[in-house]
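> please work out how this folds:
(chains A and B)
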Amino acid sequence: MTRAGYPATPWRLRLLRSLLRSNASRAIAAVAAALSIGEGVAAAQPHIDGRVEIAFNRYYTYPELEAHLKSIAAAYPDLVELREIGRSLQGRALWVAIVNSPKTGPHTSKPAMWIDGNVHGNEVQSAEAVLYSLWYLTKAYGQVPSLTDLLDRCSFYFMVSVNPDGREYWFEEANTPHSSRSNQRPVDDDRDGLFDEDPPDDLDGDGSITQMWIRDPDGRWERDRHDPRVFRRVRDDQRGEWTLLGSEGIDNDGDGRINEDGPGGDDMNRNWPSGWKPNYAQGGAGEFPFSNPETRAVGDFIMAHPNIAAGQSYHNAGGMILRGPGAQFRDNFYPRSDARVYDEIARIGEDMLPYYRSMIIWRDLYTVHGGFVNWLAEGLGIISFTNELWTNARYFQRDVSEPDDQRMWLFRDRLQFGLTFKDYTEFDHPQHGPVLIGGLNKWSSRSTPTFMLEEECHRNFAFTMFHADQMPLLSFQRVETARAGDGLWTVTVQVRNDRLIPSRTAVQAQRRIGANDLLTCEPLGGGRVAASGSMNTWRDTRIDPVPFEPGRVQLASGVPGRGSVIHRFYVEGKPGETVRIRYTGERTKDIETAVTLPE
Amino acid sequence: MRTSVLVASVVAFSLAAGASAQDSTERLVEVSSIGKSRSGRTLQLLRLGHPEPDSLGRTPDQRPALLIVAGLDGRHEVGPRVARSLVDRLVTKHADLLRERTVYIIPDLNPDNAAFFARAGTPKSDFGRTIVEYDADRDGRVNEDPANDLNGDGLITMMRIKHPSPATGLTADLIPDPDDPRIMRKPEAAKGEAPTHAVLIEGLDADGDGRFNEDGPHGSAGGGVDLNMNFPALWPEHTDGAGPYSLSEPEGLALVRWMLTRDNIVCVLVFGPHDNLLNIPEAGRNAPDGREPLGIESDDKAYYEEIARVFKDATGMTGAPKGPDSAGSFHQWAYAHFGVYAFTTPVWVRPDLVKPKEADKPADAKDDAEQPAADDAPAESPADAIRREFQAAGAPQFVIDFMVATPAERAEMMASAQDRPPEEQRERMMAIMALPEELRARVMAVAQGQEAQPSAPARTGGRPQGGRAAQGAPGAQAAASRARDSDDAKWLKYSDEQRNREGFIDWQPFDHPQLGPVEIGGFVPGFRTNPPESEWTRLADEQTAFAATLLGKLPDLTIDIHAVERLSTGLWRITVRGTNTGYFPR
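You can find the predicted model right below:
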């Protein structure tokens, strides 16, 4: 593992970590760290070196993303398993990077967080946000104590792009900031029996689909005489000169309409089973839940990993931390105790992500049936958010949320140096005759301006690490034995969850999702558990008995967030007999302890 | 993949046919598959149609087609058998219809279930789901507590436990009905009755968790997926039997994927536990999203009513159990998502729900004393008598439907009436008040349950760990005074009088290793679903007639040049007329 140029050598880290974990105070540890790793971690700046350098002031095509994934996996073979979970419709590999510290157990033995991006092909920076998270977390392991601890107890599943076909189409073909949202499954949008036969056309060859304007004596628009980039609507009592024809394109199929049947059609964020509705009730739903190879591959992976306890999906844009439900009538999938968990994580998130607001999808955005985080939250009971990356409030940061057009031209001209605008040029259109084509290109909105991308990625990465750190962390807070009679002992166990997310969410308990947690008590010397029951406090003098299988207690609600459960077992045995206590759950790391029955 | 094979080998039970008929059937039937079951069994598809192009040059896969699907529920053995017997009958008797139309038949969508029960030593039980491992009780153990054939009679029936000890965790909540102690029902506390028995599915608490048969096949509450709860239309998420996600089962997924490639399917007929022909789905109400119909669209109601009339003519059925909720069912998907008329029938119903044919009726047959409106025309069934009387009085259809409904349906109607808009409820009340006094009194008597006729049995039995998969026991009846008129009582009457008591295993004492003395008994699994051998021919003939009628009603299009007019030099107006020559809208 030691490589030249990596000052944070393993023995120093081991020393540092052992100090941090020992009873020595944090202050001593910090001093030790400063002394022992002079040129490294704690030296001068909070920057940490990694084995892979990736610039996050730019965007990457899917092949470039894949190359980065492979180099990270190659650089951190102990931490990263890059798994192809399927292929997109057009045959691109769908990659999940499994990040885990194997020395603390296989990834499936720990609570895990799922983090994905780019299910909408045009929402490009969502993939960079996931790549950044993978890149930062892997290089931080062993160098940043808090993230090292986190990765020692949790695992992560990163998927940079759920829709590589849509991403590639957005990068390689002419698009607007809003097009190429769907996958590339041909859909007959205009129901004329032909599929994707009349897409927009990049008539001026600039790589973007911009606008077409035509001179029109009845027009309601005029060009600004000082700034010909600007078309301005005229007052009602004035005559204009121009009419907006719409997006750049021709009538490819000769049906009298322009650009009415473009590529693709399924919105893969409407293709998930929970609350799924057919296309007539939810546009873009697809033929049935998981009808697309991409959603099915993700679904199969997630269902095969019941240890996933937290979920995050990245989109753009709007600066939102979104949670379900997607439709009002599914509000009852968010019991109050779960809603409190969502609210608290999102509240911290609002502080970590300036200009982001915590919102509920149906109430504050729009109604969504069959959305991805809705499936995670309502179908599987996983605490999950969708972040809408980038918000216009960040252009000027001091400003109100929507800068006016004049301010925006300042941003485009002075900060982006005009790169997001294409000058209007004359074009002889086959249907319309002479028109002007030009305007804002596909990079002009929704995507984070490149010079601000790294900060956006980092803040969101940090938010997900905070969320991941709220996954259940169990310990035996107190285990006590006492003699209760002839050959009879009580063994009383308190299991504590130090984090916010319960080991089984309330929706899991209510809807019977996943296996119940188990608290078992096994006398190893021939004894048996004669009875058991739960208690509310240590002072309780009565138990709430478990009538059957007293030594194998099922907890449908698990251990609550920042709380504990207390259970008392009545054990028939012999003095000196060892009794093993275990707590196991799908979304927790199993814990085990043993006690000896006293004389 | 598609292969034509001799029909004789495909349709093993085909009727004896002359050489020429054999020739033609062979040509008309093509056998292929839509995919495989979870265990790899072929999901067979039979296509019936003349292979040569029709008058419009269409191949069978381009002609308007009726799709018949059976066997979604493994308990419904009558479905696959009748579906297969349609092949020969349609091909020999209705070959002419198959020139311009196609019939697709998928006779058994759940072959794993049949294979599971065909294994030697497997007791017969009321379990129709797919065979898939599933931790139904979420305890981390899979299929660990199935039902058990304790008395070794080859059947999973029920156990009743008198005054269960508190240590068992069971609570007595039923009593044997004094009129017929085979029937278990809820006690009427107001009449001084106290519960004496708990009823469970026959078996052990194999995992010692205090619950019996809660995780595993054989008629318990858990295990497997009900294919008719696994389709995406109104999928009942997180309900026992619905599956982890819609179309989680390879069988349903294969069917949907195949159908989405077949745009010539214009009508679907399902043989299964649901009925929407005697119980026309509610029209005009939508799911909470506001767009997806809960039943059918208002504009389609008249078509359903007309097809129901045709169906009753073909089968003589006067009633049918509505079956389970249609959320997640195949027919609801075919209608609401695939967008075609979709009908479903249990094929066979208890004989008292079928209008006797004159020829079949024994000379000394007497009308059942309990049935209302006994009249002097012996050939007329009570239901028909009601229909005639009420129609003569100008009663609206909903009143007639109500009066001829089975008790269960009636309960359903009354329950759903409360969901109707207030104006409609008022309107309906007015219509009832407008009836002649004698008829009105009868309607009110039936509505208030005073009438000697039947009342509603409870939908689910009073089983402590009740599950919809099991139907084996006489379920708890809603009200004591009517138990003898309940659905269970009618089945017992049918078993006793017409089936030599073979439908019910009388309660017999058994020493249960965990519960002590119990009694084991109840309805024979499948007795209330599948007909006796003597009925097969009639049922196959009826469904053939119905399918042929449906086939004749499929929409089809002809186009002709209606007019060619010269408007000017080199300018012509051609008017084309398209005509739907079928009955259903296109």
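> go ahead and confirm A:Lys277 touches A:Val368.
No - contact criterion Cβ atoms under 8 Å: A:Lys277 and A:Val368 do not qualify, at 9.8 Å. (C-beta placed from N, C-alpha, C; glycine too.)
> would you mind measuring from B:Ile559 to B:Gly578?
Counting by Cβ to Cβ, to the nearest Å, the separation of B:Ile559 from B:Gly578 is 5 Å.
> please read the previous query as pertaining to A:Glu388.
48 Å.
> who has more neighbours, these two?
Using other Cβ atoms under 10 Å in any protein chain shown as the criterion, A:Glu388 and B:Gly578 rank with A:Glu388 on top: 21 against 10.
> with adjacent residues omitted, what lies nearest to whatever residue of the stretch 451-586 of chain B ends up closest to chain A?
Nearest to chain A, among the residues of the stretch 451-586 of chain B, is B:Gln514, at 11.0 Å (Cβ to the nearest Cβ). Spatial nearest neighbour of B:Gln514, chain neighbours left out: B:Asp205 (5.7 Å); criterion: Cβ to Cβ, 6 or more residues apart in numbering or on different chains.
> burial count for the closest residue to B:Asp173 other than its chain neighbours?
Once flanking residues are discounted, B:Asp173 sits nearest to B:Pro195: 4.9 Å by Cβ to Cβ, 6+ apart. For B:Pro195, the neighbour count with other Cβ under 10 Å is 16.
> got it, and A:Leu151?
Number of residues near A:Leu151 (other Cβ under 10 Å) recorded here: 24.
> that one touches A:Ile98, doesn't it?
No - under the criterion of Cβ under 8 Å, A:Leu151 is not in contact with A:Ile98, lying 11.9 Å apart.
> how close does the residue nearest to B:Asp173 get to B:Glu188?
Using Cβ to Cβ, one gets 11 Å for the distance from B:Pro195 to B:Glu188.
> cool, B:Val404 as well?
28 Å.
> looking at the two, which one has more neighbours?
Using other Cβ under 10 Å, the more surrounded residue of B:Val404 and B:Glu188 is B:Val404, with 20 against 15.
> excluding residues flanking it in the chain, which one is nearest the more buried one?
B:Ala383 (4.2 Å).
> list the residues that contact the one you found.
B:Ala383 sits next to B:Thr318, B:Gly319, B:Lys355, B:Val404 when contact means Cβ atoms under 8 Å, 6 or more residues apart in numbering or on different chains.
> in the stretch 1-150 of chain A, which spans are strands?
A:80-87, A:93-99, A:112-117 (DSSP state E, counting those that start in this stretch).
> which helices and strands does the last one pack with?
Packed against strand A:112-117 by the contact rule (3 or more Cβ pairs under 8 Å, 6 or more residues apart in numbering or on different chains; DSSP states H and E) you find helix A:125-140, strand A:155-159, strand A:308-316, helix A:453-469.
> possible to save these as a markdown table with mean pLDDT and mean neighbour count?
Output for the helices and strands packed on strand A:112-117, formatted as a markdown table (pLDDT from 0 to 100; neighbours: other Cβ atoms under 10 Å in any protein chain shown):
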| stretch | mean pLDDT | mean neighbour count |
| --- | --- | --- |
| helix A:125-140 | 98 | 26 |
| strand A:155-159 | 98 | 26 |
| strand A:308-316 | 98 | 26 |
| helix A:453-469 | 98 | 21 |
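> closest one to chain B among the ones you listed?
strand A:308-316 (14.4 Å).
> pairing partners for the next helix or strand after that closest one, with directions?
In the C-terminal direction, the helix or strand that comes right after strand A:308-316 (DSSP states H and E) is strand A:320-323. Neighbouring strands of strand A:320-323 in its sheet, by DSSP bridges, are strand A:357-360 (parallel), strand A:383-389 (antiparallel).
> give me whichever of those is most buried.
Of all the strands paired with strand A:320-323, strand A:383-389 has the most neighbours on average by mean count of other Cβ atoms under 10 Å in any protein chain shown, namely a mean of 26.
> between helix A:125-140 and it, find me the angle.
110 degrees (axes from the mean of the first three to the mean of the last three Cα atoms, to 10 degrees).
> doesn't B:Phe116 fall inside a helix?
Yes - judged by DSSP: H, G, I helix; E, B strand; the rest coil, B:Phe116 forms part of a helix.
> please determine how far the residue nearest to it when sequence neighbours are not counted is located from chain A.
Spatial nearest neighbour of B:Phe116, excluding adjacent residues (Cβ to Cβ, 6+ apart): B:Ile131 at 4.9 Å. Applying Cβ to the nearest Cβ, to the nearest Å, the value for B:Ile131 to chain A is 19 Å.
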